[in-house]
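K.L.:
here's my sequence, what's the structure:
(one chain, ligands or ions: 1)
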Amino acid sequence: MSSTELNLILLGPPGAGKGTQAERLREDFPLAYVATGDMLREARREGSELGGKAQEFMARGDLVPDEIVIGIVLERLSADDARDGFLLDGFPRTVPQADALAEEMGKLGRRITAVLLVEVPDEEIVKRISGRRVSKAGRTYHVEYDPPKRAGRCDVDGTQLVQREDDSPEVVQARLKKYHEATSPLIDYYEVLGLLRRFDGSRSPTEVHDHIRATIATLRLEDQL
Ligand code: AMP
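P.N.:
Residues are numbered from 1 along each chain as shown. Modelled structure (predicted):
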């Protein structure tokens, strides 16, 4: 692996601020951004077969089956722009997904640089998600904590902000349950591999971002030794 190649995973519960951190990290580093939730929502908007299959799982806060998600991610990671580094957001979410990713990395002679775990307590998540609004392009705001300059409109492209259908309180509970059951085992998984880095997601987005950047800078220095 070249010492400049960054292959990062953002891990954490829904509403931890992964998307916000991803936006900032993409301004810092030229990373291919691979967000499975965005890809699945896009497939649904397009009315593709994939979108149709994913729809029912997403609407009730369930995970989309591994074989579907693994397929779209591995295909995306083989694209040219992902060759020099990527940022995975929302994948892997299960141990079989993490195993599939590890196998693919092995085949390609690449490795994960770090897994960035953004931690936030459940009660805080429910508060955050209920006020979350998104633009068509997937930029996130919060009506109270991170409001757009003009109410209901994206600062960047002016499109109308909406609430995701799976951000309703009942579906959020289901998503959190899934996170604790299926995704949180990945914390140990990556800790054992020495890849896990923890961040306090209850801090401000800027503090979390500064901390992540400092961690990445240290990782790069270590890599060059
Ligand atoms: P997100 O935008 O990451 O919160 O994802 C929204 C929804 O898409 C999730 O609640 C799941 O239904 C589905 N989804 C996204 N990523 C995955 C994944 N890696 N595995 C299974 N389902 C996923």
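
K.L.:
tell me what the strand or helix carrying E207 is packed against?
P.N.:
Secondary structure from DSSP states H and E places E207 in helix 205-224. For helix 205-224, the elements it packs on are strand 6-11, helix 18-28, strand 114-119, strand 196-200, judged by 3 or more C-beta pairs under 8 Å, 6 or more residues apart in numbering; DSSP states H and E. C-beta here means a position set from N, CA and C on the backbone, and glycine is covered the same way.

K.L.:
quick one: closest of those to V162.
P.N.:
helix 18-28 (14.8 Å; C-beta to C-beta).

K.L.:
can you read off the pLDDT for the residue in the chain positioned nearest to the ligand?
P.N.:
For the chain, the residue closest to the ligand is G37, as judged by C-beta to the nearest ligand atom, at 2.0 Å. G37 carries a pLDDT value of 94.

K.L.:
renumber starting at 879 from here on
P.N.:
With 879 as the first residue, the last one maps to G915.

K.L.:
what residues are up against it?
P.N.:
Neighbouring residues of G915 by C-beta atoms under 8 Å, 6 or more residues apart in numbering: D967, G968.

K.L.:
try 6 Å this time
P.N.:
By C-beta atoms under 6 Å, 6 or more residues apart in numbering, the residues touching G915 are G968.

K.L.:
so the strand or helix carrying it versus helix 896-906, what angle?
P.N.:
Assigned by DSSP H and E, G915 belongs to helix 914-924. Taking axes from the mean of the first three to the mean of the last three C-alpha atoms, to 10 degrees, one finds helix 914-924 and helix 896-906 inclined to each other by 100 degrees.
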